[in-house]
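Enquirer: Give me a 3D structure for the following:
(chains A and B)
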Protein chains: 2
Amino acid sequence: MKYRFARRMSCIPPSFLGELFRVSSQRGVISFAGGLPGSAHIDVRGLAEAARQVFEDEGRSSLQYSTTDGHLPLREYIAARYRQRLGLPATADEIQIVNGSQQCLDLVAKILVNPGDHIGMERPGYLGAIEAFSLYEPVIHAVPLTDSGPDLSSFAALVREHPVRFFYGIPNSQNPSGRTYSEEYRKALAGILDGTGTLFYEDDAFGELFFDGRPRLPLKRFLPDQTVMSGSFSKIVAPGMRIGWIYAPQPVLAQFNCAKQAADLHSNFLSQVILHRYLATHDLDSHVRNVSRIYGEHCRLMCELLDDLMPEGMTHTTPEGGMFLMCTLPPGLSSMEVFREGVREGVAVLPGVPFFVDGGGEDTIRLNFSTAEGEAIREGLDRLARVIRKLA
Amino acid sequence: MKYRFARRMSCIPPSFLGELFRVSSQRGVISFAGGLPGSAHIDVRGLAEAARQVFEDEGRSSLQYSTTDGHLPLREYIAARYRQRLGLPATADEIQIVNGSQQCLDLVAKILVNPGDHIGMERPGYLGAIEAFSLYEPVIHAVPLTDSGPDLSSFAALVREHPVRFFYGIPNSQNPSGRTYSEEYRKALAGILDGTGTLFYEDDAFGELFFDGRPRLPLKRFLPDQTVMSGSFSKIVAPGMRIGWIYAPQPVLAQFNCAKQAADLHSNFLSQVILHRYLATHDLDSHVRNVSRIYGEHCRLMCELLDDLMPEGMTHTTPEGGMFLMCTLPPGLSSMEVFREGVREGVAVLPGVPFFVDGGGEDTIRLNFSTAEGEAIREGLDRLARVIRKLA
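Expert: Below you'll find the model as predicted:
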């Protein structure tokens, strides 16, 4: 049989991730290519105990169907944390649970985007978002990301010139660049959007992971009714449970709920109940502080080594948090060559190309600092330096 | 702000399910309206022990990110079960894990359907499928479902007259009607589709729940390369884990994988590992036999009581398995009236209307027999009989 697929399937960019996973898991390869939080920092014992209690006290109900919006106590926990950490007036009614914040990317585009509609994102922008959005056949505009946030004049021009449905950004420790928007830029972006028909989609996957432990004010503070926020427990508790959430104005949430119900009825309820039990009986703040401190040490070491080992002309961002930094290669070098030669030398990096939705990025690579520990970072960057010097 | 949503959001029919859940949970209401498997038959202790072992042996890896296609040992288990139960030559490569088979509805439509494309389904048809498909803006053709399967001449005419992307059906104990296709009809449907560009989408959510414990040959046996099959552990182990799967030809699966990755990266990995551990250490056959036997007793009791208590002119289907049967009301009665008056009398039924994608069904109600036990069934049907007699 000749299978015919929907037009939207030809819009999805070829994915690097499959190849990456294969490469990352080859023996002897030190990988800076992945996006996993450090396995060592998952509190297996704490989650096991929470699971034991849940099976004992409320196993039967946790294993049954549940409501689309998600486990109410978990939504209340998330809302309370927004109020305490970020001064946002969140209530459980404004929050719904999803399968990791990746599902928000799919569903937000689903409820907002007709084929041919305009949306905006950062350049470089998160690969998973490009993949999810592309299936809804939008025109994606990429606004250059500076060290302080999206370039303000390009951003203003975009919003002025096109009826942009939403602008998607990661203000805290962006993936792939590791950059964090300044407070001044957050206010300026909110000011530009205020009163327009454009939503800001604020992906806050990394906001808990600032090395200095100090939260940054979300854009939603400056533009509450026009901002859709998403968050996730993947980076701060455990990704395998696939639990994230959306925090959005009521009219948006009502449509989101319809789309979520049609997509999969509700997220894994057992894990929602276990996760809530875990959060209710453990000190997340202290856990997150500890993880952030360790990632911060990795990041500082990586930055120092990059400065020491790499040839002139190679630069890198200097993250304040998160799990990634981005390097610009010396002129003339191709990231795909660095990727391929790197694997031969036993080090995997992620070429920046797929993060540039409108082409470019051949001279960039993304490095992850959440998984490899000190010695592996040293050895991996030694190998990478050899590769770069060889190719330069 | 005035929020604008994508055109597809106006295609989704208004959902009854939210109201239903509220009604079903009112004190004193005996509900035949829901679609939950019986909570009493969830093996909480067995799953708790499996979870304990997983946290001890492989907790760290089960809590990390994983691959989009799903846990390999679980996919191997599913493939082996297809080979043993149904004689299908399934391999793990042809199977991917999703968030309950509802997610297949979303993703199959996503990869196959452009706005305006033709698809087919049964009349009445599964409400969750109507909701999921509608968001891709297809033209949905409904083929009348007889006691033996979809009306063959209407089915043949549909496939002949339109380039139908797929026909969606539930051959085993259909939701909402409780009907099972005859083997003759399965062969005939396969024969009509063979060589056309139309796929058969075989939803097998209830195939394990035949009261006589005897599996029926799937349509996929007669049309292997043109059939996409979905299955679920929701009805036979536990719905709260949201674990289902798709079993499809390679080219379809490759596109499905892209869409799944964009939708949510992968399904809850912890639950996949726990579920596999449970299946590897427990006798699913014996569990399923037991549950099917109990559902069969409920169903027979319900059919007997319907025959005894209801006024002339009211008819019902006689399921061989599954969790639902469908009644046709005496002439002149409206299912919405029966629903509303029923709630006042303390019994909830599901009006058939939302299962009829092209209108109609006002004279039908769906009754669930998996949740209420003997005495509740008697009392609930007594109340329903009072309602019907009062309105007739």
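Enquirer: what about chain A, any weak spots by pLDDT?
Expert: Within chain A, the set of residues satisfying pLDDT under 70 comprises A:14-21, A:24-25.
Enquirer: Helices of that one, residue ranges please.
Expert: Along chain A, the stretches classed as helices by DSSP state H are A:17-24, A:44-62, A:72-81, A:100-112, A:127-134, A:152-161, A:183-193, A:250-264, A:269-281, A:284-309, A:335-345, A:374-391.
Enquirer: Buried deepest among the ones you listed, which one?
Expert: helix A:100-112 (a mean of 27; mean count of other CB atoms under 10 Å in any protein chain shown). (Each C-beta comes from the backbone N, C-alpha and C, glycine too.)
Enquirer: could you dump the helices of chain A to a markdown table with distance to chain B?
Expert: Shown next, in a markdown table, are the helices of chain A (distance: least, CB to the nearest CB, whole Å):
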| stretch | distance to chain B |
| --- | --- |
| helix A:17-24 | 7 |
| helix A:44-62 | 4 |
| helix A:72-81 | 13 |
| helix A:100-112 | 4 |
| helix A:127-134 | 4 |
| helix A:152-161 | 14 |
| helix A:183-193 | 10 |
| helix A:250-264 | 4 |
| helix A:269-281 | 4 |
| helix A:284-309 | 14 |
| helix A:335-345 | 19 |
| helix A:374-391 | 17 |
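Enquirer: Once you drop chain neighbours, what's closest to the most centrally placed residue in chain A?
Expert: Central residue of chain A (CA atoms, centre = their mean): A:A205, 4.8 Å from the mean position. Leaving aside its chain neighbours, A:A205 sits nearest to A:S232 (5.2 Å; criterion: CB to CB, 6 or more residues apart in numbering or on different chains).
Enquirer: So what's the residue count around that neighbour?
Expert: 25 (other CB atoms under 10 Å in any protein chain shown).
Enquirer: Was I right to think it contacts A:S101?
Expert: Yes. Taking contacts as CB atoms under 8 Å, A:S232 lies within contact range of A:S101: 4.1 Å.
Enquirer: Pull up the overlap in contacts between those two.
Expert: A:205, A:244-245 (CB atoms under 8 Å, 6 or more residues apart in numbering or on different chains).
Enquirer: ok, for A:V23, nearest residue in space, not its chain neighbours?
Expert: Distances taken as CB to CB, 6+ apart place A:A348 nearest to A:V23, at 5.2 Å, with adjacent residues excluded.
Enquirer: how near is the one you found to chain B?
Expert: Computed as CB to the nearest CB, to the nearest Å, the A:A348 to chain B distance reads 16 Å.
Enquirer: for that residue, what are its contacts?
Expert: When contacts are counted by CB under 8 Å, 6+ apart, A:A348 touches A:20, A:23-24, A:29-34, A:339, A:342.
Enquirer: which parts of the stretch 101-250 of chain A sit against chain B?
Expert: A:102-103, A:105-106, A:110-115, A:117, A:128, A:131-132, A:134-136, A:165, A:197, A:199, A:225-226, A:234, A:238-242, A:249 (CB under 8 Å from any CB of the partner chain).
Enquirer: let's see it at 7 Å
Expert: Residues of the stretch 101-250 of chain A that fall close to chain B, judged by CB under 7 Å from any CB of the partner chain: A:102-103, A:106, A:110-114, A:131-132, A:135, A:197, A:225-226, A:238-242.
Enquirer: so A:N268 sits right up against B:L270, yeah?
Expert: No. With contacts counted by CB atoms under 7 Å, A:N268 stays clear of B:L270, the gap being 8.2 Å.
Enquirer: Run a quick neighbour tally on A:H282.
Expert: A:H282 has 16 nearby residues by other CB under 10 Å.
Enquirer: err, A:G313, not the other one
Expert: A:G313 has 14 neighbours, counted by other CB under 10 Å.
Enquirer: can you check A:L223 too?
Expert: Counted with other CB under 10 Å, the neighbours of A:L223 add up to 22.
Enquirer: top strand in chain A by residue count?
Expert: strand A:139-146 (DSSP state E).
Enquirer: Run me through the strand neighbours of that strand, direction for each.
Expert: strand A:118-123 (parallel), strand A:149-150 (antiparallel) (DSSP bridges).
Enquirer: which residues touch it?
Expert: The contact list for strand A:139-146, computed with CB atoms under 7 Å, 6 or more residues apart in numbering or on different chains, reads A:116, A:118-125, A:133, A:150-151, A:154-155, A:158, A:162, A:174, A:177, A:179, A:357-358.
Enquirer: Buried residues of that strand, list them for me.
Expert: A:140-143, A:145-146 (16 or more other CB atoms under 10 Å in any protein chain shown).
Enquirer: which residues pair with the residue nearest to A:A205 across the strands?
Expert: Assessed by DSSP bridges, A:S232 has beta-bridge partners A:G244.
Enquirer: hang on, isn't it packed against A:R242?
Expert: No. Using CB under 7 Å as the test, A:S232 is too far from A:R242 to be in contact (9.0 Å).
Enquirer: okay, and the common contacts of those two?
Expert: What both A:S232 and A:R242 touch, as defined by CB under 7 Å, 6+ apart, is the set A:G100.
Enquirer: Tell me the spacing between A:I140 and chain B.
Expert: Taking CB to the nearest CB, one finds A:I140 at 14 Å from chain B.
Enquirer: what's the spacing between the closest residue to A:A129 other than its chain neighbours and B:Q53?
Expert: The shortest distance from A:A129 to any non-neighbouring residue, by CB to CB, 6+ apart, is to A:L105 (5.1 Å). Using CB to CB, to the nearest Å, A:L105 is found at 34 Å from B:Q53.
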